[in-house]
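Visitor: The sequence isn't on hand, but the structure is:
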């Protein structure tokens, strides 16, 4: 039962990535991103044209973003297993995991606010729209920190059957490096580091999707490792010390 | 999806395999461990996309890019190229020293590589300051936008590389490195070579090719 629930948590995280792409891309039409150098009138016009698409797509995200939580709970638990007790690494994972659903639902709240009264003063719509992109694309710190901690955990796992293969650690560093350029969107209104740019949006989005797929598979395997360890520990009557 | 995976993992646990040994003797030795090449090739792939984007943008405005290119400080760029090549040489000899247990030599060689890395950063700061004082900013035109972004992303890699070199320095003092640690050290060295390699491509692309 434990195994089934934990694996379901992993797959739910992956399903939510699919859900995110459907909600933001196909329903709301916010991907591909609009141009940050658009005037206030142009931006407001997009919200007039896509008013209901944006309101429906993002209302779904505000509701469902929280389904990412079990995925990150599982991730934090696996870090806790490697660390051996509730130490700094696993607690940091838990704290930053809390922020992850906010990244999606908080940004969506701003875009929904923009689309709620699109007939208002365009300057206000533009400011709300800026806030949406600033949070959606630019707020990369929490996830990058989680990924770096995860990579570190993979490298220090000295158990006979480690939870994750070592290449997964390097893979996480790769993702962390690619995720960072998103933080530069506040400095650019055009070019590859603007919020619609190749380096700040498209490559990090691709890398995020790949990371979620790979991490889901790795977590499912880690659950198997844990279950096997629990079975062999039970057979040898070794009990995990409470922490 | 439940039990099959568990029994597989149980079989692994029963067999209690150690970590796979790195390249048994007679095989050709791959530096580091296989996993590190996911990071290295992955990064190269993305930089390949960056370079291709730059080439595409240049093809849209070849005259502008060529004029702007001539305002770059080729001297500093060339000096930085030589500095990074020297640092790579330091790292190669340091790894060789670690393998033959010459701890002190390895540490000094890594300090040399670190000094080169810091010199690169210092020259970059001088170069950026000079460019901004001459009125060249990312907002000026497409060339300078890409110049600052591409060299900035590379500089970000140099910073990570410096952290990696410091990690190598802490390992170089240890009396005996396990297989895993040695693989980690080699992987770190490969990352520094990657930083060097990316600059070797970036330097002609930005400063020389007309």
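Guide: Cool, got the structure. Just so we're clear, the structure is a prediction, and the values are computed from it rather than from any experiment.
Visitor: Now the residue of chain A found nearest chain B. Nearest residue, chain neighbours left out?
Guide: When scored by CB to the nearest CB, chain A has residue A:167 as its residue closest to chain B, at 2.8 Å. C-beta here means a position set from N, CA and C on the backbone, and glycine is covered the same way. Counting by CB to CB, 6 or more residues apart in numbering or on different chains, residue A:167 lies nearest to residue B:35, which is 2.8 Å off, once chain neighbours are set aside.
Visitor: who touches the residue of chain A closest to chain B in this structure?
Guide: Listed by CB atoms under 8 Å, 6 or more residues apart in numbering or on different chains, the contact set of residue A:167 reads B:33-36, B:38.
Visitor: one step back: the residue nearest to residue A:167 touches residue A:168, doesn't it?
Guide: Yes: the pair formed by residue B:35 and residue A:168 meets the contact definition of CB atoms under 8 Å, at 7.4 Å.
Visitor: Who has more neighbours out of these two?
Guide: When neighbours are counted by other CB atoms under 10 Å in any protein chain shown, residue A:168 comes out ahead of the other of residue B:35 and residue A:168, with 23 against 20.
Visitor: how many other residues sit next to residue A:112?
Guide: Neighbourhood size, residue A:112 [other CB under 10 Å]: 21.
Visitor: Secondary structure element for it, which one?
Guide: Take DSSP states H and E as the rule and residue A:112 turns out to sit in helix A:88-116.
Visitor: ok, the residue nearest in space to the middle of chain A to residue A:168 distance?
Guide: Within chain A, one residue has its C-alpha closest to the average C-alpha position: by CA atoms, centre = their mean, that is residue A:100, at 5.8 Å. As for residue A:100, its distance to residue A:168 is 19 Å (criterion: CB to CB, to the nearest Å).
Visitor: returning to that earlier point: and the pLDDT at the residue of chain A closest to chain B?
Guide: The confidence metric pLDDT takes the value 93 at residue A:167.
Visitor: contacting residues for residue A:170?
Guide: For residue A:170, the contact set (CB under 8 Å, 6+ apart) comprises A:151, B:35-39, B:187.
Visitor: Format these as a markdown table; extra columns: distance to residue B:194, secondary structure and pLDDT.
Guide: As requested, the contacts of residue A:170 are exported to a markdown table (distance: CB to CB, whole Å; DSSP: H, G, I helix; E, B strand; the rest coil; pLDDT from 0 to 100):
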| residue | distance to residue B:194 | secondary structure | pLDDT |
| --- | --- | --- | --- |
| A:151 | 17 | helix | 96 |
| B:35 | 15 | coil | 87 |
| B:36 | 10 | helix | 90 |
| B:37 | 10 | helix | 92 |
| B:38 | 12 | helix | 92 |
| B:39 | 9 | helix | 92 |
| B:187 | 10 | helix | 92 |
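Visitor: Run a quick neighbour tally on the closest residue in space to residue A:67 that isn't next to it in sequence.
Guide: Setting aside the residues directly before and after it, residue A:67 is nearest to residue A:16 in space (CB to CB, 6+ apart), at 5.2 Å. Neighbourhood size, residue A:16 [other CB under 10 Å]: 23.
Visitor: ok, now residue B:69?
Guide: When counting by other CB under 10 Å, one arrives at 18 neighbours for residue B:69.
Visitor: In this structure it contacts residue B:210, no?
Guide: Yes: using CB under 8 Å, residue B:69 is in contact with residue B:210, at 6.7 Å.
Visitor: thinking the residue nearest to the centre of chain A is in contact with residue A:143, fair?
Guide: Yes: with contact defined as CB under 8 Å, residue A:100 counts as touching residue A:143 (6.7 Å).
Visitor: Could you say which helix or strand holds residue B:154?
Guide: Under the assignment given by DSSP H and E, the secondary-structure element containing residue B:154 is helix B:142-172.
Visitor: any chance you could read off phi and psi for residue A:193?
Guide: Residue A:193 has phi and psi values of phi -100, psi 10 when expressed as degrees, to the nearest 10.
Visitor: returning to that earlier point: could I get the contacts of residue A:170 as TSV with distance to residue B:110?
Guide: Listed next are these as TSV, based on distance: CB to CB, whole Å:
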residue	distance to residue B:110
A:151	22
B:35	23
B:36	18
B:37	22
B:38	25
B:39	20
B:187	15
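Visitor: So of those residues, which two are at opposite extremes in space?
Guide: Spatially, the most separated pair among those is A:151 and B:37, at 15.4 Å (CB to CB).
Visitor: Comparing these two, which residue is more hemmed in?
Guide: residue A:151 (20 against 17).
Visitor: Next, find the distance separating the more buried one from residue A:51.
Guide: From residue A:151 over to residue A:51 the distance is 42 Å, taken as CB to CB.
Visitor: Any stretches of the chain with poor pLDDT?
Guide: By default, I'm working from chain A. Low-confidence segments of chain A, defined by pLDDT under 70: A:240-243.
Visitor: my question was about chain B
Guide: Judged by pLDDT under 70, the stretches of chain B that qualify are B:1-28.
Visitor: show me where it has helices.
Guide: Per DSSP state H, chain B carries helices over the ranges B:3-15, B:36-60, B:62-69, B:74-99, B:103-133, B:142-172, B:179-203.
Visitor: same thing with chain A?
Guide: With DSSP H as the criterion, chain A has helices spanning A:2-21, A:40-49, A:51-64, A:69-83, A:88-116, A:122-136, A:141-156, A:166-179, A:203-235.
Visitor: Taking helix A:2-21 as reference, get the angle to the last one.
Guide: Going back to what we said before, that points to helix A:203-235. 170 degrees (axes from the mean of the first three to the mean of the last three CA atoms, to 10 degrees).
Visitor: Please apply the same query to the fifth one.
Guide: Taking the same axes, to 10 degrees, helix A:88-116 and helix A:2-21 form an angle of 40 degrees between their directions.
Visitor: One more: the third one?
Guide: Put simply, helix A:51-64 runs at 160 degrees to helix A:2-21, going by the same axes, to 10 degrees.
Visitor: Quick check: residue B:49 touching residue A:202?
Guide: No: the pair residue B:49 and residue A:202 fails to qualify as a contact (CB under 8 Å) at a distance of 9.2 Å.
Visitor: Would you mind naming what in chain A lies close to chain B?
Guide: On the criterion CB under 8 Å from any CB of the partner chain, chain B has as its neighbours in chain A the residues A:3-4, A:7, A:155, A:160-161, A:165-171, A:173-174, A:177-178, A:180-181, A:188, A:190-193, A:198-199, A:203, A:220-221, A:223-225, A:227-229, A:231-232.
Visitor: give me every residue that touches the residue nearest to residue A:67.
Guide: Applying CB under 8 Å, 6+ apart, one finds that residue A:16 lies in contact with A:64-65, A:67-68, A:71.
Visitor: One more: residue A:176?
Guide: Taking CB under 8 Å, 6+ apart as the contact definition, residue A:176 lies against A:144, A:147-148, A:151.
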